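[1] model this:
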Amino acid sequence: MDLTASLRTCDWCSHHFLPRNNGGHPQRFCTPVCRRLWMARLAKRRKQVRRLAVLIKTSPEPKRSLFVEYRRVVEEAIAVLERQRHASRVLS
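    Coordinates of the predicted model:
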């Protein structure tokens, strides 16, 4: 039997280990300590994502960038010029 073919790499510490053969899910960690550390990191990330989601929901709407504001002003000016041009055609 070739042991190197059946070795796995721990998802936490990257050490090689021989997985148990008692069924269930494939073993991903070499020790329970590595599994708990990985789960703790996952929980921390999830908590950070939830905090960020709350901050995004509660933060005021971001201010418009200068480019967006400039574009709005130019579009309004063009609309005013178009109305004036149309009015001068109607009146003449």
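
[2] Just the element for the residue positioned nearest the centre of the chain, please.
    Averaging the C-alpha coordinates of the chain gives a centre point, and the residue nearest to it by C-alpha atoms, centre = their mean is residue 49 (8.7 Å). When elements are defined using DSSP states H and E, residue 49 is found to belong to helix 32-58.

[3] Show me what whatever helix or strand comes next after that helix is packed up against.
    Past helix 32-58, further along toward the C-terminus, the next helix or strand under DSSP H and E is helix 66-91. Helix 66-91 is packed against no helix or strand, with contacts defined by 3 or more C-beta pairs under 8 Å, 6 or more residues apart in numbering; DSSP states H and E. Every C-beta, even on glycine, is put in place using the N, C-alpha and C of the backbone.

[4] What residues sit buried inside helix 66-91?
    Judged by neighbour count using 16 or more other C-beta atoms under 10 Å, helix 66-91 contains no buried positions.
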